[in-house]
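Q: Would you be able to build a 3D model of this:
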Amino acid sequence: MGLRSRLWTGIALARDSVDLLRDNPGLLWFPAAAGVAGVAFALLAFGGAVGLLPLAALADASEVALYGGLAVGYFGASFVVVLFTAGLMFAAREVMAGREPSVRGGLAAAWEHKSTLFAWAVVSTVVGLVVRAIQESDNLGAVLAGALLSASWAVVTYFVVPVAVFEDEGIRGVFGRSVDVVRDTWGESIGAEFGLGFVHGILFLGVVAVAAVVFLATGSPLAAAAVGLPLVALAFVVASTLNGVAKVALYEYATTGEPPQYFENVDFDVGGDGDAGRTTSLGRFGGDRNDRI
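A: Numbers count the residues shown, from 1 in each chain. Okay, the predicted model is just below:
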């Protein structure tokens, strides 16, 4: 299939994700709470480090205290975001199975896999810091290598969180299993990224347009910011939720061979692999999918 087919498949996937979200707006609480909790955790950790600086200075260990607090805040905030993302994916899968989702149920299911999710948060954060350091280099070759590494990492880890939650894989197994699912849905995943990117672009362009209208009407940058910033936060929450929902839909199709509820009209087969690979994946991990929730 060509680029156009993948794009339209991605747009259909994004559209059906919007339909699911419209019927289940409570899913928005997951990324919203993740953002608030992550920022709060990071601020508390950093504040604690700053508060300890006077005591650490007496022990000639101020830098250790500061960097320790920053590390705790950074990794802790990453874990909080991953935990809520996993909760969102569990809740979205509940909807696709015809059950009633809940924030408490989603977080409880995610917490059952806290060790793997925490390890993933640490690994992804460290890799992200390394990639950022490479990309900030003045060497063009290093910048290109960093971009290639970033893209490869994003592909390899695309389904890490749903695999960790739905298949109870440990940190050593999630990467290989994620690659398996990506291999089964490479065309669909590309289409989803195109389609969701298109929807996200519309969301954020709408925010910019509203802020621009407010600025033109009032002539006040503060008024435009007061209106625009909350809308940016809302757009980010909606975009994050749609990403999670679409990824679960792709995962469900890859592991069952059937489109989940809300996505029956999506032509998933844009990768040209047919159902053979998906049957292999399902046979490999087998069983009733509800037994793995």
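Q: And the helices in the stretch 151-293 of the chain, which stretches?
A: Secondary structure of the stretch 151-293 of the chain by DSSP state H, counting those that start in this stretch: the helices cover 160-166, 171-184, 186-218, 221-256, 276-285.
Q: Please identify the deepest-packed of these.
A: helix 160-166 (a mean of 26; mean count of other Cβ atoms under 10 Å). C-betas here are computed from N, CA, C, even on glycine.
Q: quick one: which of the helices of the stretch 151-293 of the chain has the weakest pLDDT on average?
A: Looking at the helices of the stretch 151-293 of the chain, the lowest mean pLDDT belongs to helix 276-285 (a mean of 39).
Q: can you list the residues that contact stretch 236-250?
A: The set of residues external to stretch 236-250 that reach it, using Cβ atoms under 8 Å, 6 or more residues apart in numbering, is 13-14, 16-18, 20-21, 27-28, 30-32, 34-35, 85, 88-89, 92-93, 96, 158-159, 161-162, 181, 185, 188-189, 192, 196, 199-200, 203, 259-260, 262-263, 266, 268.
Q: that older thread, of all the helices of the stretch 151-293 of the chain, which one comes closest to Gln135?
A: When the helices of the stretch 151-293 of the chain are compared by Cβ to Cβ, helix 186-218 sits nearest Gln135, at 20.0 Å.
Q: And the closest one, how far out from the chain middle?
A: Mean-position distance between helix 186-218 and its chain equals 17 Å (Cα atoms, centre = their mean, to the nearest Å).
Q: check which helix or strand covers Arg93.
A: Assigned by DSSP states H and E, Arg93 belongs to helix 62-96.
Q: and the next element down the chain from that helix?
A: That would be, after helix 62-96 and using DSSP H and E, helix 103-111.
Q: Mind giving me the packing neighbours of that following helix?
A: helix 29-58, helix 62-96 (3 or more Cβ pairs under 8 Å, 6 or more residues apart in numbering; DSSP states H and E).
Q: which stretch in those helices has the least confidence?
A: helix 29-58 (a mean of 64).
Q: wait, Gln135 sits on Leu148?
A: No - between Gln135 and Leu148 there is no contact under Cβ atoms under 8 Å: 10.5 Å.
Q: who's more crowded, these two?
A: Gln135 (15 against 12; other Cβ atoms under 10 Å).
Q: From Leu20, how far off is the more buried one?
A: Counting by Cβ to Cβ, to the nearest Å, the separation of Gln135 from Leu20 is 35 Å.
Q: And Leu229, by the same measure?
A: Plainly put, Leu229 is 27 Å away from Leu20 if you go by Cβ to Cβ.
Q: number of nearby residues for Tyr262?
A: Neighbours around Tyr262, by other Cβ under 10 Å: 20.
Q: show me the contacts for Ala119.
A: Counting by Cβ under 8 Å, 6+ apart, Ala119 touches Ile171.
Q: Report pLDDT for it.
A: So Ala119 comes in at 93 (pLDDT).
Q: Now the strand or helix carrying it: buried residues?
A: Assigning secondary structure by DSSP H and E places Ala119 in helix 114-135. By neighbour count on 16 or more other Cβ atoms under 10 Å, the buried set for helix 114-135 is 116-125, 131, 134.
Q: Let's see that helix as PDB, backbone CA atoms only.
A: Extracted in PDB, the C-alpha atoms of helix 114-135 (Å, rounded to 0.1, in the frame of the first residue of the first chain):
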ATOM      1  CA  LYS A 114       5.000  -1.400  38.700                       C
ATOM      2  CA  SER A 115       8.400  -3.100  38.700                       C
ATOM      3  CA  THR A 116       8.500  -3.400  34.900                       C
ATOM      4  CA  LEU A 117       7.000   0.000  34.400                       C
ATOM      5  CA  PHE A 118       9.500   1.600  36.700                       C
ATOM      6  CA  ALA A 119      12.400  -0.100  35.000                       C
ATOM      7  CA  TRP A 120      11.000   1.100  31.600                       C
ATOM      8  CA  ALA A 121      10.700   4.600  32.900                       C
ATOM      9  CA  VAL A 122      14.400   4.500  34.000                       C
ATOM     10  CA  VAL A 123      15.600   3.000  30.800                       C
ATOM     11  CA  SER A 124      13.600   5.400  28.600                       C
ATOM     12  CA  THR A 125      14.700   8.400  30.600                       C
ATOM     13  CA  VAL A 126      18.400   7.500  30.400                       C
ATOM     14  CA  VAL A 127      18.200   6.800  26.600                       C
ATOM     15  CA  GLY A 128      16.300  10.100  26.200                       C
ATOM     16  CA  LEU A 129      19.100  12.000  28.000                       C
ATOM     17  CA  VAL A 130      21.800  10.200  26.000                       C
ATOM     18  CA  VAL A 131      20.000  11.000  22.700                       C
ATOM     19  CA  ARG A 132      19.500  14.600  23.700                       C
ATOM     20  CA  ALA A 133      23.200  15.000  24.500                       C
ATOM     21  CA  ILE A 134      24.200  13.500  21.200                       C
ATOM     22  CA  GLN A 135      21.800  15.800  19.300                       C
END
